[in-house]
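Student: My questions concern the predicted model and sequence given below.
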Amino acid sequence: MNTFIILLRGITPIGKNKVPMAPLREALTEAGLGGVRTYIQSGNVLATSDLTQVEIEKLVHDVIHREFGGNIAVLARTTKEFSSILKRCPFTNVDKPKLYFSLLAANPDKELLREFLSTDFSPDQVRLVNDTIYTLYATKHSASKFNNNYFERKLKVVATTRNLNTMSKLVALSRISKTPRR
């Protein structure tokens, strides 16, 4: 049984892609996931399951589509994988609120990746390690053109971005068993 951290791309508490967290927890529990919890309203779910990463992503996508009508991209990783993402961060001793992590749903095309890596991201700093883009913003995330939409457009893969605080909190929460596993 693995604990998965499941990130939903592009949901909002109100509007077009509205997915309320309490009904989502209920729907995912009914679909067979164990210990379902959410963290803040921006699409962070924790759950246990014997399913694979791909199976979890499909299940969560299908439940959201059926119950809430959204066609939301879903990225899932185990606690161990999330911990590795944090440990591999190439930026150390930095202004933590300026550090963001963009998880990619797939490996990008090699030519697109080559073009992407040749980009001058100044004054921001961008590094790609495995399936994660690490971004250290010079000022703030919202002031940069190098954001999740930019990464998706240039690499032609789905991505979802979280800040260091959210990533760290999700790892900490994933290590706490709140309810019995299914």
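Tutor: Great, that's in hand. Numbering: from 1, shown residues only.

Student: For the chain, give me the ranges with low pLDDT.
Tutor: 12-15, 177-182 (pLDDT under 70).

Student: what about the longest strand in it?
Tutor: Assignment by DSSP state E gives strand 2-9 as the longest strand of the chain.

Student: by contact count, what packs against that one?
Tutor: If you count contacts as 3 or more CB pairs under 8 Å, 6 or more residues apart in numbering; DSSP states H and E, strand 2-9 packs onto strand 44-49, helix 53-68, strand 73-78, helix 79-87, strand 159-163, helix 164-174. Every residue, glycine included, has its C-beta placed from N, CA and C.

Student: Render the CA-only coordinates of the third one in CSV, please.
Tutor: I take that to be strand 73-78. Taking C-alpha atoms only, strand 73-78 is exported to CSV below (Å, rounded to 0.1, in the frame of the first residue of the first chain):
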residue,chain,number,x,y,z
ALA,A,73,-5.1,16.9,-15.5
VAL,A,74,-3.9,14.8,-12.6
LEU,A,75,-0.4,14.0,-11.5
ALA,A,76,0.4,11.5,-8.7
ARG,A,77,3.6,10.7,-7.0
THR,A,78,4.4,8.6,-3.9
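
Student: Show me what counts as buried in it.
Tutor: Residues of strand 73-78 classed as buried by neighbour count (16 or more other CB atoms under 10 Å): A73, V74, L75, A76, R77.

Student: Specify the beta-bridge partners of the last one.
Tutor: In this structure, R77 bridges to I5 when assessed by DSSP bridges.

Student: Tell me the spacing between N130 and D124.
Tutor: 20 Å (CB to CB, to the nearest Å).

Student: ugh, typo on my part, it should be S142
Tutor: S142 is 12 Å from D124, by CB to CB.

Student: what about these two, which has more around it?
Tutor: Between S142 and D124, counted using other CB atoms under 10 Å, D124 has the larger neighbour count: 19 against 7.

Student: Now do the contacts for that one.
Tutor: Residues near D124 by CB atoms under 8 Å, 6 or more residues apart in numbering: T135, L136, Y137, A138, S144, F146.
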